[in-house]
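K.L.:
Structure of the sequence below:
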Amino acid sequence: MGNLVMKRVAKPAGMFNIVLEDAPIPEVGPHDVRVCSARSLISRGSELWHRYIKEEAIDPRIMGYSVGGIVDAVGSEVTGFIPGDRVAISAPHAEYVVGDAHTHEFAEGNGPRVVALPDNVSFDQATFWPLTTSAVQWVGVDDIQPEHTVVIVGQGLVGSLMLQVAKANGDGRLIAIDALPMRCDLASELGADIVVNASTEDPLVRVLELTNGFGADVVVYAVGGRAGLDAFAQAQQMVARGGLLHVVGLYEDAPLPLSSRLIQRKRLIGGILPDSDRYKASERALRLLADGQIATDRMITHRFAYLEAAAAFRFLHDCPAEAFGVLLVWDATPLGS
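P.N.:
Here you go, the predicted model:
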C-alpha cells in the first residue's frame, strides 16, 4: 500500500490512555480479506477491565474484536468473498482491518474470523456477531432443559446476550440479576421471566425464595470488575445440589472466592468447552441477529465518531448506569472507490 496510512485506536502506557494513531493500511495476504470499517463495538469486559484501566501499553492489534464493514480487497487464494461484500469481522478498532478468510483460531475455539452478512443485518448489528457467537456457545454448555431454573448474575453485554439466546431457545425459567436499574429494565424487556435488582433486594434470598430453598439448576456468573467478587460468593450458594455454576465473567484481576464447602456436589465450568463448535454457533448467531431475536437496537445506547474514541472509552467507563452498547462510527471509504 506504499505510504498510505489510516487511523486506529491505540492504548499507550498509562491508565485510561486512549489515542488515535496513524498506521500503515494493512497489506492483504493470500488468504486475507481486507475490510473498510463502518462500525466497531467497544467491549466493557475485555477492553475496559483488561486494557483501558491498565498502566501498561496494549498492542493495537488486540484493541477491539467486533467490526462491521465492507470488503475492500481479497487475497489471491480467497474464493468466498469479493470487494463490496458486507461482512462482520473479528478485528480491532481501525479504519481498515484484515482477517483470515479461511479456518482461523478465534477466542476459545476454532471458528470463522470473517462472515458475510445477511441482507437484513446492519453494520450496527454486525458488531454483535462475535459476542453473540460466544453467547450461543456458553448457553450450549449449560444444557438448559425446559424444567430448569436458570439464574444469570450480571446483565452486561455478555449476560444480556446469554439471556436472549436462552430465551430464543425456549427452555428454562430465566432469572436475571443486576444492580443497575437500566440493565434490570432492559432484562425485563428482553424476556427475563423474573428480574432481581441487587441494589434493592438480596439476590441470594430472592433466588432461594423462588426455588423453594433448593437453588437454581444453572447459575451463570457474568459479572466483571471488582463488584464480581461478592457476586461470585453468592452465586455458589444459589446453585442447587447437582446444579451447574458456569463462570463467564473473568475480569476482576483478583482470585475468585471459591468455597470448597459451597461447591460440594455441584458442577463448575469456566467459559466455553473445547469441543464446542464455533462454526455452528456462528451460523446460529447470524440467524438470531437476522431474525431480530438479539435486540441490538435496545442494547446500543451510544454512538461516537471514531475521532472521539477517547471520549467513548471514558464514557463507557465512567457512566455504567447510562452506557451499555457503545459503538465507534468509522464509515471509511473503500480504497477502490
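K.L.:
for the stretch 201-337 of the chain, what spans make up the strands?
P.N.:
Ranges of strands within the stretch 201-337 of the chain are 216-221, 239-247, 267-270, 300-305, 325-329, based on DSSP state E, counting those that start in this stretch.
K.L.:
so which of these comes closest to Arg206?
P.N.:
Comparing the strands of the stretch 201-337 of the chain against Arg206 with C-beta to C-beta, the closest turns out to be strand 216-221 (11.1 Å). Any C-beta I mention is one placed from the backbone N, CA and C, and that applies to glycine too.
K.L.:
Parallel or antiparallel, list what pairs with the closest one.
P.N.:
If you go by DSSP bridges, strand 216-221 pairs up with strand 149-153 (parallel), strand 239-247 (parallel).
K.L.:
could I get the strands of the stretch 201-337 of the chain as a markdown table with mean neighbour count and distance to Gly191?
P.N.:
Compiled in a markdown table, the strands of the stretch 201-337 of the chain are given as follows (neighbours: other C-beta atoms under 10 Å; distance: least, C-beta to C-beta, whole Å):
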| stretch | mean neighbour count | distance to Gly191 |
| --- | --- | --- |
| strand 216-221 | 26 | 15 |
| strand 239-247 | 20 | 19 |
| strand 267-270 | 14 | 24 |
| strand 300-305 | 16 | 18 |
| strand 325-329 | 22 | 17 |
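K.L.:
Distance to Glu308 and mean pLDDT added to the strands paired with strand 216-221, as a markdown table?
P.N.:
Putting the strands paired with strand 216-221 into a markdown table (distance: least, C-beta to C-beta, whole Å; pLDDT from 0 to 100) gives the following:
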| stretch | distance to Glu308 | mean pLDDT |
| --- | --- | --- |
| strand 149-153 | 32 | 98 |
| strand 239-247 | 34 | 96 |
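K.L.:
which one of these lies closest to Leu327?
P.N.:
Of all the strands paired with strand 216-221, it is strand 149-153 that lies closest to Leu327, at 23.7 Å by C-beta to C-beta.
K.L.:
quick one: the helix or strand just after that closest one to strand 325-329, angle?
P.N.:
For strand 149-153, the following helix or strand on the C-terminal side (DSSP states H and E) is helix 157-169. Interaxial angle of helix 157-169 relative to strand 325-329 (axes from the mean of the first three to the mean of the last three C-alpha atoms, to 10 degrees): 110 degrees.
K.L.:
could you say what helices and strands the helix or strand following helix 157-169 packs with?
P.N.:
Using DSSP H and E, the helix or strand that follows helix 157-169 in sequence is strand 173-178. Under the contact criterion of 3 or more C-beta pairs under 8 Å, 6 or more residues apart in numbering; DSSP states H and E, strand 173-178 touches strand 149-153, helix 157-169, helix 181-189, strand 194-197, helix 203-210.
K.L.:
Fine by me, we can end here.
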